[in-house]
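Novice: Fold the stuff below for me.
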Amino acid sequence: MGLAKAVAFLGLLAMTAVIGYGFAVGDFTRDGGEILANPWGIVSLVDLYVGFILFSVWIGFREANKWIAAVWIVLMMTLGFFTASLYVLLKLYQSDGDWLTFFLGGKKETLLEKRG
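Specialist: Just a heads-up that it's a prediction; the model follows:
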């Protein structure tokens, strides 16, 4: 679990740095227009948002409180894998070394009861 925490932390640092760089140096409207004018830019955005949606499905599944899940999903759709890195890092620490708790969250006990 230590490696997963390190990867999530590095992802969070990298995303923080590049988002900060983008806001400091870039022009969201102009740069976004250039991305949308390029066919591979469109492919990249679709790929990215498919990943956001798939990750959000996992968040929605594992969170017991649907309001909390909704907040995380909105953050995922707006801040991307910055949110994913933060979410994974927090959930790794909260799972206290238990991979089933990490992956299943609030559904763990219910799912284990159904199997047992």
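
Novice: hey, let's count contacts and neighbours off CA atoms from now on
Specialist: Fine.

Novice: Once you drop chain neighbours, what's closest to the residue sitting nearest the centre point of the chain?
Specialist: Centroid check for the chain by C-alpha atoms, centre = their mean gives residue 84 as the closest residue, at 2.0 Å. With C-alpha to C-alpha, 6 or more residues apart in numbering as the criterion, residue 84 has its nearest non-adjacent residue at 6.6 Å, and that residue is residue 76.

Novice: again, but for residue 77
Specialist: In space, residue 77 is closest to residue 52, 6.4 Å off (C-alpha to C-alpha, 6+ apart).

Novice: Do me a favour and average the pLDDT over the host helix or strand of the one you found.
Specialist: Using DSSP states H and E, residue 52 sits within helix 39-62. For helix 39-62, mean pLDDT is 97.

Novice: Check which helices and strands it sits against.
Specialist: Contacts defined by 3 or more C-alpha pairs under 8 Å, 6 or more residues apart in numbering; DSSP states H and E place helix 39-62 against helix 28-37, helix 66-79, helix 99-104.

Novice: Show me what counts as buried in the shortest one.
Specialist: Read it as helix 99-104. Residues 101, 102, 103, 104 are the ones in helix 99-104 that count as buried (16 or more other C-alpha atoms under 10 Å).

Novice: again, but for the longest one
Specialist: Using 16+ other C-alpha under 10 Å as the test for burial, helix 66-79 gives 69, 72, 73, 75, 76, 77.

Novice: residue contacts, the second one?
Specialist: If I follow you right, that is residue 72. By C-alpha atoms under 8 Å, 6 or more residues apart in numbering, the contact list for residue 72 reads 56, 59, 83, 87.

Novice: Now do the helix or strand residue 3 falls within: everything it contacts.
Specialist: For residue 3, the host element (DSSP H and E) is helix 2-25. Helix 2-25 is touched from outside by 28, 81, 82, 85, 86, 88, 89, 92, 93, with contacts defined as C-alpha under 8 Å, 6+ apart.

Novice: So the fourth one versus residue 55, what's the distance?
Specialist: Taking C-alpha to C-alpha, to the nearest Å as the measure, residue 85 and residue 55 are separated by 11 Å.
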